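A.B. asks: Sequence and predicted structure are below.
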Amino acid sequence: MTDNWNLLGHAWAVDMLRRHIVTGETRHAYLIAGPPGVGRRSLALAFARALNCSNPPAPGDFCGACRNCKQIDAMQHPDLAVIQAESEGGILKVDQVREIKRTVSLKPYQSSYRIALFLRFQEANDNASNALLKTLEEAPAYAILLLTADSPESLLPTVVSRCEVLRLRPLKVGEVETKLEGRGIEGSLAKTIAHLSGGRPGYANRLLADKSLMEFRSARLDDLQKLLSASRVDKFSYAEKLAKEKDAMRESLLLWLSLWRDVFIRAAKSDAPLSNVDRAEWIESLAGGLSVAQARKVVTAHESALRRLERNVNARLLAEVLLMDLPK
Amino acid sequence: MSQALYRKYRPQGWAEVVGQQHVLQTLRNAIAADRVAHAYLFAGPRGTGKTTLARLLAKAVNCLNEDKSKRPCNECDYCRAVSENRFLDLIEIDAASNNGIEDVRELRDKINFAPTQGKYKIYIIDEVHMLSTPAFNALLKTLEEPPPHAIFVLATTEIHKIPATVLSRCQRHEFRRVPVDEIVANLQHIAAAENIQADDDALALIARQSAGGMRDAQSLLDQLSSTGERITMELAQTVLGTATSQTVLDLVASILDGEAARGLEAIHHALDGGVDPRSLARQIVDYLRGLMLIQMGNESQVETTKDIKAKMSAHASALTPADVLRMMRIFNEAATDSRGSWQPSLSLELAFAETLEAPAESAPVTRSTPKQSAKPSASQLTPVVVSTSSEKSGATAPTIPASEIIKVWKSFQAILKKESASNLAALLNSVTAIDVQGNTLVLGFASDVLMSKMKEEEKKRASQLIADALGVTLDIRCEVANARGKVPPHVPQDGMVATAIHQGGEIVDVQE
C-alpha cells in the first residue's frame, strides 16, 4: 500500500492506526513504546498529521502539503501540544501536566482534534503521572493523548492500563541497511551504521547526520584496544581522564558494552548479527580467548557500571575498577 | 470517535459489576436499608471497579425509584443524568491534580450548600493517595462529620499512602483482582455485543495477561479487535508479544545440555518473530514455576496440554529444586529489569548465560558482603609486615603470631592510663604496624619523631606488658614503617600494591 506515512518498518502499527481513523474508532489515548531511536516520535507525528490533515488524499492518509500537515511536522500546530522533560534524562514535572490538562479541555482551534504528545513519558515523576490519570481515562471527545516511552514497564501500571499500547520493535538490520543504501550511502558505511543502530532507524539517522559520533566511537574503541594490553599505571591515568566528563564516560561505556556483547555472542559460538561489524576480526580474536562465563562477566560489569553511574557513584573509582577487571 | 471499550462498557447497574461480590452486597444492603455511611474508602488494584462502584453508589442514593432494593433503576431522570455525566450533585475530584490544601478548603466551603437536584451530594475523590499531607489533615474534620446531605467516596490504588486518621473515618472496602474466568465471561459478552469474532483460548490469554484488571483486559480486547480480523490465539500472541512455549522449551533444553549457542539462537529467533523480551522472560519464569510445582508434587496445579506436561516432567526430573530456584531468580531479575537498554535482548541473554554457569561461581542473588577486617576497632593498628631489610633477625618463625599481640594491644593502653603513664599509652596508640620476627617484636611508627620517643625505658615497660598478658618475653625493635611513596621491598615492584603506593596510597591492612 502506498502512503505518505513514510515510516521505515512498523507496518502493522501504521495499518492499525490508519484503520482506526478510517473506521472512526480512534482511541483517546495511545502509548507508543520502544527503544529510543526506533521511530516512536515519527509515528506519533505521522498519526497526528493523518488525524488533522485538511485535505487527505485517501482515508487515513495525509497530504503533507496542507497547513495542518506542515505545522504538525514542524511541531508548531496550535492544536498540538508537545510535552517533554526539559532535557533528555531530565524530569517531566507536574506543572507541565496541569498546564496541558487545561489546554486539552479547550476545543481545537483550527482542526478536528486537539492532540497532546508526551515524549519520553518514563521521565515523568510520580506526581506528574498521577496528575494525568483522570484525563487519560476520560479525555474529551476531541482530544487525543499520545505517549511515548522506552517500555510500558517503566511507567505506572495505572497509566499503561488506560492507553492502547503499541510496542515498536527494532527492525531487522537488513531493512535498515537497504534503506540507507537506497539513500545513496556507500555500501560498507551503510552496513556498519545499520548494524550499529541495531535496527533503530532514528539512531542510524543520527549517526549519519553527526559525523563526530562515528569519530568518537572509533576513537573510544581504539582506546579500549590499547587499554587491554596497557600497564596498570596507564589504566589508572586513563580512568582519571575518562571520569572527568560524565556524559562522555557514559557514551564510552555504552560503546564498550556493545563491543563486549559482540564478544559474548561469539564466545557462545552463536552467529547472531554483530553490532560492530567493522571490528569483526578483533571481536573474533577476543572471543577466542574467553569462555562464555568470562565474557558474560565483562558484559555484566559494564552494565552494572552504567547503572551505578546513573546513581551518582564516584566516577573515577568506577572507571578504575572497570578497567582493572578487563580481561588480559 | 468511538469510545474505548472500557468506557463504553462501564457497568451502569449492580448486576453488571464483575467480581467484588463482597463490596457489592454491603452497598446494596446499605441502600435497601437506607443506612448509607457518610464516607467510603475504596482500595484495590487498578481496573477492579473502584470508580465504577463509586458512581453506582452516587446513582443509587439519589435514585427516585420507590422500591429501594431496585435502586439504581437507570430510568429516572437522576439515574440518566449520572450516566450521562451531567448530574450536578455528583462531584468527581481528581486528587492527583487538585492535591493542595487550597483545593480542600474550597471543597469545605462548598460542601455546606444543600444539593441542587438530588437528595445527596456525592464527592468522589479519585486517586486520593496523591493528596498532600496538609490537604489530608484539612479534610479530616469534614470527613468525620460532613453535613447530612454529603457522602464521600475516596478511591485509591495505593492504600498504604493514606494516613491512619483518614482510614479510621471511612468505611473501608478492599477490591480484589477479578478472577480469570469472570474476565473471560465478560470479554465474551462484550465480543458478542460488539460483533467481534474471538476464540475462547485467545480471550483466556488476554484475561491471564491482564492479571485481574478488568480495564487491562478490555483495553487488550479493544486493541486486538482493532486489527479487524478474527481474534485467534496466534494474533493475540503476536500483538501481546507473548512467546510460544516452544521457545521456552528449547531454551530450557539448551540449559540442560549446556549449549550456549543453541539457547541464544532460540532467544534471537523468538525476538525476531516479534516477541517482547520481558514477556519471554516472564514465560520462562512461569514455566520454571511449573517445574517447581511438579517437583513439589503439586502436578495438578499446572495447567497445560498433555504434550507439554510430559516434557515438563522430564525437565523437572533432570533438574534439582535448587537449580530451578536459582534459574527462576535469575530470569525473574531479567523480567523485572525496568531499564530500557539499548539492546532489549541483552538482559535476557545475560540471564541465560548466567544459568549455564556452575552455581558456585555465580549465585549473584546473595552477594556476600565484603569481609570485615579483623583489626581492633578504631585504632590505626594493623598487622603489616614491616620491611625486613637485614637478615639479622635470622628469619626464624615468630614465637607468637602478631595477631595475638594486636588483640591485647588495646588493653595495654587502659592499663597504662590507670598507672597515669598516658604518654606511653599515646605512644603505643600511634604504632601503625606490628610484626613479630623470631623473638623480636617490630613496631612500626609513622615518623622518626615518634620513634625517637620510644626509649629503652619505654621498651622495657612494653615488653613487660606483653609478658604479663601473653607470657612470652620479646625484644622490641622500632622502625619507621611505610614512608609515603616508597614501596617496601617485599612488595612486588610491578604489582597492584606498588602501583597504588606510587599513586599516593598507603598500606593499611594485609589480609592473607
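C.D. replies: Looks like it came in fine. Numbering: from 1, shown residues only, chains lettered A, B, ... in the order given.
A.B. asks: Which parts of the stretch 1-150 of chain A are strands?
C.D. replies: Ranges of strands within the stretch 1-150 of chain A are A:29-33, A:80-83, A:114-118, A:143-149, based on DSSP state E, counting those that start in this stretch.
A.B. asks: Can you spell out which helices and strands pack onto the first one?
C.D. replies: Going back to what we said before, that points to strand A:29-33. helix A:40-52, strand A:143-149, strand A:164-167 (3 or more Cβ pairs under 8 Å, 6 or more residues apart in numbering or on different chains; DSSP states H and E). C-beta here means a position set from N, CA and C on the backbone, and glycine is covered the same way.
A.B. asks: out of the ones you listed, which comes closest to chain B?
C.D. replies: strand A:164-167 (5.2 Å; Cβ to the nearest Cβ).
A.B. asks: quick one: contacts of that closest one?
C.D. replies: Contact partners of strand A:164-167, identified using Cβ atoms under 8 Å, 6 or more residues apart in numbering or on different chains, comprise A:13, A:16-17, A:27, A:29-34, A:43, A:152, B:4, B:219, B:222-223, B:226, B:241, B:276.
A.B. asks: Would you list the phi and psi of the closest residue in space to residue A:291 that isn't next to it in sequence?
C.D. replies: Spatial nearest neighbour of residue A:291, excluding adjacent residues (Cβ to Cβ, 6 or more residues apart in numbering or on different chains): residue A:267 at 6.8 Å. Dihedral pair for residue A:267: phi -70, psi -30, per degrees, to the nearest 10.
A.B. asks: go on, residue B:45?
C.D. replies: Torsion angles, degrees, to the nearest 10, at residue B:45: phi -60, psi 170.
A.B. asks: who are the neighbours in contact with it?
C.D. replies: By Cβ under 8 Å, 6+ apart, residue B:45 lies in contact with B:157, B:175, B:177, B:212, B:213.
A.B. asks: mind redoing it with 10 Å?
C.D. replies: Residues in contact with residue B:45 (Cβ atoms under 10 Å, 6 or more residues apart in numbering or on different chains) are A:157-158, A:161, B:157-158, B:175-178, B:211-213, B:216.
A.B. asks: what's around residue 91, how many residues?
C.D. replies: Let's take chain A. Counted with other Cβ atoms under 10 Å in any protein chain shown, residues neighbouring residue A:91 total 13.
A.B. asks: wait, I meant chain B there
C.D. replies: Residue B:91, neighbours per other Cβ under 10 Å, totals 16.
A.B. asks: same thing with the one 5 residues further on?
C.D. replies: For residue B:96, the count of nearby residues is 26 (other Cβ under 10 Å).
A.B. asks: and residue A:327, how far is that from residue A:290?
C.D. replies: Distance from residue A:327 to residue A:290, counting by Cβ to Cβ, to the nearest Å: 6 Å.
A.B. asks: Neighbour count: those two, which is higher?
C.D. replies: Each of residue A:327 and residue A:290 has its neighbours counted (other Cβ under 10 Å); residue A:290 has more, 18 against 13.
A.B. asks: doesn't residue A:262 make contact with that one?
C.D. replies: No - contact criterion Cβ atoms under 10 Å: residue A:290 and residue A:262 do not qualify, at 11.9 Å.
A.B. asks: Quickly find the element holding the closest residue to residue B:122 other than its chain neighbours.
C.D. replies: Once flanking residues are discounted, residue B:122 sits nearest to residue B:58: 3.9 Å by Cβ to Cβ, 6+ apart. Using DSSP states H and E, the secondary-structure element containing residue B:58 is helix B:50-62.
A.B. asks: Against which helices or strands is the next helix or strand after that helix packed?
C.D. replies: Next helix or strand after helix B:50-62 toward the C-terminus (DSSP H and E): helix B:77-83. Secondary-structure packing of helix B:77-83 (3 or more Cβ pairs under 10 Å, 6 or more residues apart in numbering or on different chains; DSSP states H and E): helix B:50-62, strand B:90-94.
A.B. asks: If we use 8 Å, what do you get?
C.D. replies: Counting by 3+ Cβ pairs under 8 Å, 6+ apart, helix B:77-83 packs on helix B:50-62.
A.B. asks: Check the offset of the helix it packs on from the chain's centre.
C.D. replies: Distance of helix B:50-62 from its chain centroid, counting by Cα atoms, centre = their mean, to the nearest Å, is 35 Å.
A.B. asks: Need the worst-confidence member of the contacts of residue B:45.
C.D. replies: Lowest-confidence member of the contacts of residue B:45: residue B:211, scoring 83 (pLDDT).
A.B. asks: Over to the nearest residue to that residue once chain neighbours are set aside. Which of the three states is it?
C.D. replies: Counting by Cβ to Cβ, 6+ apart, residue B:177 is the residue found nearest to residue B:211 once chain neighbours are left out, at 6.8 Å. The three-state label given to residue B:177 by DSSP: H, G, I helix; E, B strand; the rest coil is coil.
A.B. asks: Pull the contacting residues for residue B:177.
C.D. replies: Residue B:177 sits next to B:19, B:44, B:45, B:48, B:211, B:212, B:213 when contact means Cβ under 8 Å, 6+ apart.
A.B. asks: For these, which ChimeraX command selects only the ones that are buried?
C.D. replies: This is how ChimeraX selects the buried members of the contacts of residue B:177, with burial counted by 16 or more other Cβ atoms under 10 Å in any protein chain shown:
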select /B:19,44,45,48,211,212,213
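A.B. asks: For chain A, which residue gets nearest to chain B?
C.D. replies: residue A:150 (2.8 Å).
A.B. asks: and the most centrally placed residue in chain A, how far is that from residue A:122?
C.D. replies: Computing the C-alpha centroid of chain A and ranking residues by Cα atoms, centre = their mean puts residue A:36 first, at 0.4 Å. Residue A:36 sits 10 Å away from residue A:122, going by Cβ to Cβ.
A.B. asks: What distance do you get for residue B:100 to residue B:130?
C.D. replies: 10 Å.
A.B. asks: And for residue 74, the neighbour number?
C.D. replies: Just going to use chain A. The burial count for residue A:74: 10, using other Cβ under 10 Å.
A.B. asks: I was thinking of chain B, sorry if that wasn't clear
C.D. replies: Per other Cβ under 10 Å, the neighbour tally for residue B:74 reads 15.
A.B. asks: With residue B:439 instead?
C.D. replies: 15.
A.B. asks: That one reaches residue B:474, doesn't it?
C.D. replies: Yes - if you go by Cβ atoms under 8 Å, residue B:439 and residue B:474 touch, sitting 6.2 Å apart.
A.B. asks: Specify the local secondary structure of residue B:87.
C.D. replies: Quick answer, by three-state DSSP: residue B:87 is coil.
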